[in-house]
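Enquirer: for reference, the sequence and a predicted model appear below.
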Protein chains: 2
Amino acid sequence: MPRDSFAIPQETARRLSLYLRSLKRLEQQQGVASSREITRFLNISSEQFRKDLSYFGEFGRRGIGYDIEILKKEIGKILGTNVVWRIVLVGVGKLGFALLGYPGFLEFNLQIIAAFDNDKNKIGQVLSGVKILNTLRMREVIKKEAIKIAMLCVPVDAAQDMAGDLARCGIKAILNFAPVNLVLPKNVCVSNVDMASELEGLVFQLKRGFFNH
Amino acid sequence: MPRDSFAIPQETARRLSLYLRSLKRLEQQQGVASSREITRFLNISSEQFRKDLSYFGEFGRRGIGYDIEILKKEIGKILGTNVVWRIVLVGVGKLGFALLGYPGFLEFNLQIIAAFDNDKNKIGQVLSGVKILNTLRMREVIKKEAIKIAMLCVPVDAAQDMAGDLARCGIKAILNFAPVNLVLPKNVCVSNVDMASELEGLVFQLKRGFFNH
DNA sequence: ACGTGTGAACCGATTCACAGCA
DNA sequence: TGCTGTGAATCGGTTCACACGT
């Protein structure tokens, strides 16, 4: 049980949230589930699941399986979903607006506490229960509320500058929706969501006849 | 120059679109750029860039670098962006609406030609130049227009059923925005965009103090 | 000297094979 | 027997080191 704190594969971290989802689906059924049942609809092998968990401890019972309720709590603890994480959103265009109303964040106890925009017409509005503030107030709010995570939904030309501002405000992690690679101090963690590039990947695979079966 | 058609790393395909972007930025500057210049703002090593290209042929000149214009065309050919790819969108909620207006798709010559929804109030509307049609007409349109790619933006509970319908209509690739693993015939290629899970990944890294620098 | 192209070495992650417990 | 936990083997992809052309 190597709890040595570091050396958790990147991919393992990503998969943990999928396990949590799967467990929530099974929740009603019974008290115990096997690794096979948990990964059944996940495109992940049961060995992979067990290996992933082994980085954090032993949560199952040999010959039996996993107590769903307990495992759900444990993974929640590992991921940090047992606590509410407060985040901000920058850029309330169409995409930002969609994210403000996206119900999926609740699943991981993620809460958007404020949105920022430059547009005078938007400032002051409340969308999906979130107030839109002037970008000038970003520093003040992020500091005061000790926010560490931001979603960046501004146009591509503004993204790098705005990301720099966020870093200077104390933001430590950015989910970036602009199709550009952000250059930031390396103590700031960036994750990119790139819809166009993702679609392009599908085109590529189609073109290669990967799926002419 | 192993043009043996198969065995292109997944990641290589993904990076090609980033190279294309980088080249577009450099376009104005000069006729030639080195692998180092092209990858400068990409978080990708120049060796990686050269290795990636080597799967498809030799595009540079030793001692000199790459002709930007030519390389742009070549990568375009590889990715398929030299041709317009027509796609459909299913589910015009907030997210679907945002995607209809997303300018980033143009970059790769991707064109949304129709959107589908069940909501009688939305059917018939034209948003961002795209007409919203009754979901019942999906088969007809997809067959007639020979569409191969779909973006799926319906609520999570409807996603699996709708994806199955799409597959039966002849769709070969789906960009799925619902937080659920779609189970489909294996000649259908799925790519997932999972915003909540992505954010959760950032929380995890923050929690582990990866960035307490 | 400069910069590309690429086999070889390396590294991380997945899969395999099996020990251990119920 | 059934299912977990995990070292060992394997696989895929990245990095290194250097040959080659300009």
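Expert: Good, I have the coordinates. As the structure is a computational prediction, the values presented were derived from the model and not from experiment.
Enquirer: so for stretch A:70-90, first residue to last residue, what's the gap.
Expert: Using C-alpha to C-alpha, to the nearest Å, the end-to-end distance of stretch A:70-90 comes to 37 Å.
Enquirer: do that stretch and DNA strand D meet at all?
Expert: No. Between stretch A:70-90 and DNA strand D, judged by C-beta under 7 Å from any atom of the strand, nothing touches; the nearest distance is 9.3 Å. C-beta: built from backbone N, CA, C; applies to glycine.
Enquirer: now do the buried residues in the longest strand seen in chain A.
Expert: Secondary structure assigned by DSSP state E gives strand A:110-117 as the longest strand of chain A. Buried residues in strand A:110-117, defined by neighbour count with 16 or more other C-beta atoms under 10 Å in any protein chain shown: A:110, A:112, A:114, A:115, A:116, A:117.
Enquirer: what does stretch A:172-186 give?
Expert: Buried-residue list, stretch A:172-186, by 16+ other C-beta under 10 Å: A:172, A:173, A:174, A:175, A:176, A:177, A:178, A:179, A:180, A:181, A:182, A:184.
Enquirer: ok so, going back, name the helices or strands packed onto the longest strand of chain A?
Expert: If you count contacts as 3 or more C-beta pairs under 8 Å, 6 or more residues apart in numbering or on different chains; DSSP states H and E, strand A:110-117 packs onto strand A:85-90, helix A:94-100, strand A:130-134, helix A:138-145, helix B:195-207.
Enquirer: before we move on, back to that, widest-spaced pair of the buried residues of stretch A:172-186?
Expert: A:172 and A:179 (22.6 Å; C-beta to C-beta).
Enquirer: domain ranges for chain A?
Expert: Structurally, chain A divides into domains by automatic domain parsing as follows: A:10-79, A:85-198.
Enquirer: what's the end-to-end length of the first one?
Expert: As for domain A:10-79, its first-to-last residue distance stands at 13 Å under the measure C-alpha to C-alpha.
Enquirer: repeat that for stretch A:81-93.
Expert: In stretch A:81-93, first residue to last residue: 28 Å (C-alpha to C-alpha).
Enquirer: list the buried residues in it.
Expert: A:81, A:85, A:86, A:87, A:88, A:89, A:90, A:91, A:92, A:93.
Enquirer: ok, now stretch A:36-56?
Expert: For stretch A:36-56, by 16+ other C-beta under 10 Å, it's A:37-42, A:44, A:48-50, A:52-53, A:55-56.
Enquirer: of the domains of chain A, flag the one that's most buried.
Expert: Of all the domains of chain A, domain A:85-198 has the most neighbours on average by mean count of other C-beta atoms under 10 Å in any protein chain shown, namely a mean of 18.
Enquirer: any chance of CSV for the buried residues of stretch A:172-186, columns pLDDT and secondary structure?
Expert: Converted to CSV, the buried residues of stretch A:172-186 look like this (pLDDT from 0 to 100; DSSP: H, G, I helix; E, B strand; the rest coil):
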residue, pLDDT, secondary structure
A:172, 96, coil
A:173, 96, strand
A:174, 97, strand
A:175, 98, strand
A:176, 98, strand
A:177, 98, coil
A:178, 97, coil
A:179, 96, coil
A:180, 96, coil
A:181, 95, coil
A:182, 96, coil
A:184, 94, coil
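Enquirer: if we take the buried residues of stretch A:36-56, which one ends up nearest to DNA strand D?
Expert: Of all these, DNA strand D sits closest to residue A:50, with 4.0 Å by C-beta to the nearest atom of the strand.
Enquirer: wait, isn't the closest one in contact with residue A:35?
Expert: Yes. Here residue A:50 reaches residue A:35: they are 5.2 Å apart, a contact under C-beta atoms under 8 Å.
Enquirer: joint contacts of those two?
Expert: Listed as contacting both residue A:50 and residue A:35 by C-beta atoms under 8 Å, 6 or more residues apart in numbering or on different chains are residue A:60.
Enquirer: can you pull the residues of chain A lying near DNA strand C?
Expert: So chain A meets DNA strand C at A:7, A:9-12, A:45, A:47-48, A:51, A:61-64 (C-beta under 7 Å from any atom of the strand).
Enquirer: least confident pick among those?
Expert: Taken together, the residues of chain A next to DNA strand C show their lowest pLDDT at residue A:7, with 77.
Enquirer: in which helix or strand does the residue of chain A found nearest DNA strand D reside?
Expert: Scanning chain A for the residue nearest DNA strand D gives residue A:63, at 2.2 Å (criterion: C-beta to the nearest atom of the strand). For residue A:63, there is no enclosing helix or strand under DSSP states H and E.
Enquirer: what about stretch A:17-34, average pLDDT?
Expert: What stretch A:17-34 shows for mean pLDDT is 89.
Enquirer: what's the answer for stretch A:66-84, then?
Expert: 96.
Enquirer: where's residue A:109 relative to DNA strand C, distance?
Expert: 25 Å (C-beta to the nearest atom of the strand, to the nearest Å).
Enquirer: where does that residue fall, phi/psi-wise?
Expert: phi 60, psi 40 (degrees, to the nearest 10).
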